[in-house]
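**Q** I would like to see how this sequence folds:
(2 chains)
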Amino acid sequence: MEFSYNWDWGVLFCLAEDVEAGCIGPYFYWIAEGFGWTIAVASAAWMIAFPLGSVLGVLRTLDKPVLWVVPFVRSPFYFRTRAIATSKGVITIDIAWFLHGISTLYVTIFRNVPLLVQLFLWYFVFPELLPEEAGTWVKRGMPMPEFWTAVMCLGLYTASRVGEQVRAGVQSITQGQHYAAMAIGLSPVQVYRYVLLPVAFRIIIPPLTSDFLGVFKNSSLALTIGVLELTAMTRQVEEYSYQGFEAFTAATVLYIVVTAIVMAAMAVVEKRVAMPGMISLGAK
Amino acid sequence: MEGFDYHIIFHSIPFLAEGMVLTLTLMLLAISGGLVLGTLLALARLAPMRWLSFAAGTYVNFFRSMPLILVIFWFYFLVPFILGFPVGDFYSVLTAFVMFEAAYYCEIMRAGIQSVKVGQVHAGEALGLTYRQNMTYVVLPQAFRNMIPILLSQAIVLFQDTALVYVVGLRDFLYSADIVANRDNRLMEMYITVAVVYFAMCLWGTLQVRRLQKRFAHD
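**A** Below you'll find the model as predicted:
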């Protein structure tokens, strides 16, 4: 077994083009820039994923009817509706049932298609399905189309994962809390806002952390549509310098360092926001 | 959706099927390899030897903080280097998947082993079983059985992850579709087909997992 590879860690510190030193490009800045894009894609995607996922997760927990009265409609609906027979044709619709259905459909679709395929659909197919002008704008007019497509795709995909965590968090709270909140006269929105969600979000801090790290790692998929993020840049260094292992090592170290920092930070946050006696709530 | 060409899909079915065979082969081999290595890692993580559990823990944390694409690139270049001769892209990528997935399977099997009641281990010891016999005949079969739904969920994740071999140009299902799409300039048709096929297969898998979970809950 022969491992003949000329290690040259110097390439990682190429600050400018210097052919004699083996630098065909400023590799250091390439990797730094790639790291910046990785952080940018991951953070922007999380900005979409977290709020949208929270809403989806809450909707997924709506198993009790929330009725909505629609006057002057002559019941074209036959799903979970109750028509009150008046001459004005008033009916009540269980909107919770619809919202629950829509969010379930969303989660099912986004979780059962590989992320890379989703990315291609957004990048290559989505502009074709739009009206012609809008499609052209998405393809050419929009600034940084690859970046924003990657952000949107990752954000919408991760939202489905966050949604599942939020749902699990809410459902892990004992029903008694819900009933108690209703008994003191809180509206459904208040029940979630003041009682269920503050506890649920605390419970799901660890899985949410791994979801965030998931976006961070998945942002590497953006290289397939031409976003020059960290992994893409190391690949480029490999192609230019033939010193791929050094570049991969640099990327690996950066990924590990960020992961370690995020995990440490979230452990601190978890401790800070912990409520006394919360473990019993989480364990159910 | 005007001009959606169905013919191209029908014509490329044999070609896509070849890709699907590669995808499924890769998945099955990666699951088998990952499960074996993952179980060994889980045993190492729970071993009383400090250094052994530390080493296994480091391995798991290392691979869990790396994106799969980067792992694929690593092994794609590393495997031929270590062996000193080219082994073909498939085996390099397979190595990457086995090493990567083992980290995840390790965590699942660790939870599985910990879900086996301590009394079972003590009973095995009381019967005079050695550590190895105790693990193979008493603990692991139960751990494995308890974790079947989660192992299957992970298998679905792995199935979706195999699409990433696209980055090194291995001709799996997605890449085959991509070839046709670019050759005939039919991106929309091919990508939608790919998405629908993946969706149907994963949904079927998810439903099976849910059915199993229900059955396990009843036991």
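**Q** Might you enumerate the residues of the stretch 51-200 of chain A proximal to chain B?
**A** A:108-109, A:111-118, A:120-121, A:124-125, A:128-129 (C-beta under 8 Å from any C-beta of the partner chain). Bear in mind the C-beta positions are built from the backbone N, C-alpha and C, glycine included.
**Q** Can you tell me which residue is spatially central in chain B?
**A** B:L158 (3.9 Å; C-alpha atoms, centre = their mean).
**Q** Any stretches of chain B with poor pLDDT?
**A** Along chain B, the model assigns pLDDT under 70 to residues B:1-3, B:218-219.
**Q** Output the set of residues of it in proximity to chain A.
**A** Chain B comes close to chain A at residues B:1, B:62, B:64-70, B:73-74, B:77-78, B:81-84, B:160-161, B:163-164, B:166-167, B:174, B:187-188, B:191-192, B:194-195, B:198-199, B:202-203, B:206, as judged by C-beta under 8 Å from any C-beta.
**Q** How many neighbouring residues does A:L56 have?
**A** Look at A:L56: counted by other C-beta atoms under 10 Å in any protein chain shown, it has 25 neighbours.
**Q** Using the three-state scheme, assign the nearest residue to it once chain neighbours are set aside.
**A** Excluding the flanking residues, the one nearest A:L56 by C-beta to C-beta, 6 or more residues apart in numbering or on different chains is A:G163, at 3.4 Å. Under DSSP: H, G, I helix; E, B strand; the rest coil, A:G163 falls in the helix class.
**Q** Which positions in the helix or strand A:R235 falls within come out as buried?
**A** If you go by DSSP states H and E, A:R235 is part of helix A:230-241. Using 16 or more other C-beta atoms under 10 Å in any protein chain shown as the test for burial, helix A:230-241 gives A:L230, A:T231, A:A232, A:M233, A:T234, A:R235, A:Q236, A:V237, A:E238, A:Y240, A:S241.
**Q** give me the number of residues near the closest residue in space to the third one that isn't next to it in sequence?
**A** This means A:A232. Leaving out its chain neighbours, the residue that sits closest to A:A232 by C-beta to C-beta, 6+ apart is A:L223, at 3.6 Å. Residue neighbour count, defined by other C-beta under 10 Å, stands at 25 for A:L223.
**Q** Is A:D63 in a helix, a strand, or coil?
**A** Quick answer, by three-state DSSP: A:D63 is coil.
**Q** go on, the one 5 residues further on?
**A** What three-state DSSP gives for A:W68 is strand.
**Q** Other residues contacting the helix holding A:R235?
**A** Helix A:230-241 is contacted from outside by A:11, A:22-25, A:27, A:30-31, A:33-35, A:37-38, A:220, A:222-223, A:228, A:243-244, A:246-248, A:250-251, A:254-255, B:67, B:69-70, B:73, B:77, using C-beta atoms under 8 Å, 6 or more residues apart in numbering or on different chains.
**Q** For stretch B:104-112, which outside residues touch it?
**A** By C-beta under 8 Å, 6+ apart, the residues outside stretch B:104-112 that reach it are B:34-35, B:37-39, B:41-42, B:45-46, B:56, B:59-60, B:64, B:143-144, B:146-147, B:150-151, B:154, B:157.
**Q** Repeat that for stretch A:140-156.
**A** Taking C-beta under 8 Å, 6+ apart as the rule, stretch A:140-156 contacts A:37, A:40-42, A:44-49, A:52, A:110, A:115, A:118-119, A:122-123, A:138-139, A:215, A:218-219, A:221-222, A:225-227.
**Q** in it, what counts as buried?
**A** A:P145, A:E146, A:F147, A:W148, A:T149, A:A150, A:V151, A:M152, A:C153, A:L154, A:G155, A:L156.
**Q** any chance of those in JSON lines, plus pLDDT and secondary structure?
**A** Shown next, in JSON lines, are these (pLDDT from 0 to 100; DSSP: H, G, I helix; E, B strand; the rest coil):
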{"residue": "A:P145", "pLDDT": "88", "secondary structure": "helix"}
{"residue": "A:E146", "pLDDT": "91", "secondary structure": "helix"}
{"residue": "A:F147", "pLDDT": "93", "secondary structure": "helix"}
{"residue": "A:W148", "pLDDT": "93", "secondary structure": "helix"}
{"residue": "A:T149", "pLDDT": "93", "secondary structure": "helix"}
{"residue": "A:A150", "pLDDT": "94", "secondary structure": "helix"}
{"residue": "A:V151", "pLDDT": "95", "secondary structure": "helix"}
{"residue": "A:M152", "pLDDT": "95", "secondary structure": "helix"}
{"residue": "A:C153", "pLDDT": "96", "secondary structure": "helix"}
{"residue": "A:L154", "pLDDT": "96", "secondary structure": "helix"}
{"residue": "A:G155", "pLDDT": "96", "secondary structure": "helix"}
{"residue": "A:L156", "pLDDT": "96", "secondary structure": "helix"}
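**Q** ok, so of those, who is nearest B:L24?
**A** Ranked by distance to B:L24 (C-beta to C-beta), the buried residues of stretch A:140-156 are led by A:C153 at 25.5 Å.
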